[in-house]
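Student: Test case, fold it:
(one chain, ligands or ions: 1)
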Amino acid sequence: MKIGIKQQARQTVKLKDSFDVRIVRYEYIHSIKDEFFDELAKIANPQNGQNILDAGCGYGAVTREILKRAKNKKLNCFLADANHTQLMRAKEELGSIDGHKSETKFFIDNLVDTKFEENTFDTIIAKMVIHEIPLEKQKQAIENAYRILKPNGKLIIWDMALDNDTQLFIQEVIRMKDKLAGFKTLEKNRYFLRFDEIKTLLSSAGFKKAKKEYQIVSPVITHKRLEQEFGNSKAKLNKWHKFIREKAKETKPTILKKLKFADEGESISFVPPKAIITAIK
Ligand SMILES: C[S@@+](CC[C@H](N)C(=O)[O-])C[C@H]1O[C@@H](n2cnc3c(N)ncnc32)[C@H](O)[C@@H]1O
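Tutor: Numbering: from 1, shown residues only. Got it, this is the predicted structure:
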């Protein structure tokens, strides 16, 4: 069957990366507490002279918080993101952190196709990144993380760690938010993994001792997305609420209870299982 020129053009047009326009603060929208970063810093336990990669750094919150807690150490911090807009935010964010002895370097780099060399890093931290990578490329990203870590290096993943009960609800509800917000590449790419899927990816890449180190309890609170993701459109928030309520009706009460689902009319909240997971090369 022949296809028209317009249709051909549509098929070849590459979607603009939604991270060019998704300018949010995760501390606010994800209700991140300081104690989560305390825990992350303890788990990373960076030492003088070590090379630390903040993979998919966004605006650099992970490195910022590590540096705040390791002021007297001399670390080599590498901040890398596939998106230029986000990397520029990281440069600005880190520019305002002083009183530390570490070096910070910034790179455009995609973990699926990384330019970093084998055996480079002592620690890699990927906070809320793996789920951004399309499912069929997640394996390659984790294999690359393994390759660029030094022997005995540590990979730290801070992400959703779902299970069979919660995966469908979370996947569908977040996808609808991204669709309403116009985040086309997020709607298309995101795949939120179950913990058993993360463990399988890690072990098949060669990692040892994959385990959950810390449970992150950070609720999704829908009204927090109004300003930063829906551009203050109440209509979009209401459409999202309608969708969430429909999904909640199709979901077993035991699962909603597990998700601490609460509908307060003006806002809905639920707590997706999230964790800090570590694995060793
Ligand atoms: C949800 S944000 C998290 C940012 C940061 N890690 C944080 O938690 O504050 C995900 C980031 O990963 C980046 N990203 C997505 N896919 C990536 C890939 N394959 N390689 C590197 N960065 C990627 C995006 O551009 C975005 O900045």
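
Student: Start and end of stretch 107-122, how far apart?
Tutor: One end of stretch 107-122 to the other measures 17 Å (CA to CA, to the nearest Å).

Student: actually stretch 184-198, not the one I typed
Tutor: Termini of stretch 184-198 sit 25 Å apart (CA to CA).

Student: anything in that stretch near the ligand?
Tutor: No: on the criterion CB under 6 Å from any ligand atom, stretch 184-198 is out of touch with the ligand, staying 7.6 Å away. Every C-beta, even on glycine, is put in place using the N, C-alpha and C of the backbone.

Student: Tell me which residues of that stretch come out buried.
Tutor: 185-187, 189-195, 197-198 (16 or more other CB atoms under 10 Å).

Student: Max pairwise distance over the residues you listed: which two?
Tutor: Greatest spatial distance in the buried residues of stretch 184-198: 185 and 195, 25.2 Å, computed using CB to CB.

Student: Neighbours of the residue of the stretch 51-200 of the chain found nearest the ligand, how many?
Tutor: Proximity to the ligand, evaluated over the stretch 51-200 of the chain using CB to the nearest ligand atom, is greatest for residue 58 at 2.5 Å. For residue 58, the neighbour count with other CB atoms under 10 Å is 25.

Student: mind listing the helices in the stretch 51-200 of the chain by residue range?
Tutor: Assigned by DSSP state H, counting those that start in this stretch, the helices in the stretch 51-200 of the chain fall at 61-69, 84-95, 135-148, 167-181, 184-189, 195-205.

Student: Turn those into CSV, including mean pLDDT.
Tutor: Output for the helices of the stretch 51-200 of the chain, formatted as CSV (pLDDT from 0 to 100):
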stretch, mean pLDDT
helix 61-69, 97
helix 84-95, 96
helix 135-148, 98
helix 167-181, 97
helix 184-189, 95
helix 195-205, 98
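
Student: of all the ones you listed, which lies closest to residue 272?
Tutor: Nearest of the helices of the stretch 51-200 of the chain (CB to CB): helix 167-181, 4.9 Å.

Student: Can you check what angle separates that closest one from helix 195-205?
Tutor: If you take axes from the mean of the first three to the mean of the last three CA atoms, to 10 degrees, helix 167-181 sits at 90 degrees to helix 195-205.

Student: The protein: strands as residue ranges?
Tutor: Assigned strands in the chain, in chain order: 51-55, 76-81, 103-108, 121-127, 149-160, 208-216, 220-221, 262-263, 268-270, 274-280 (criterion: DSSP state E).
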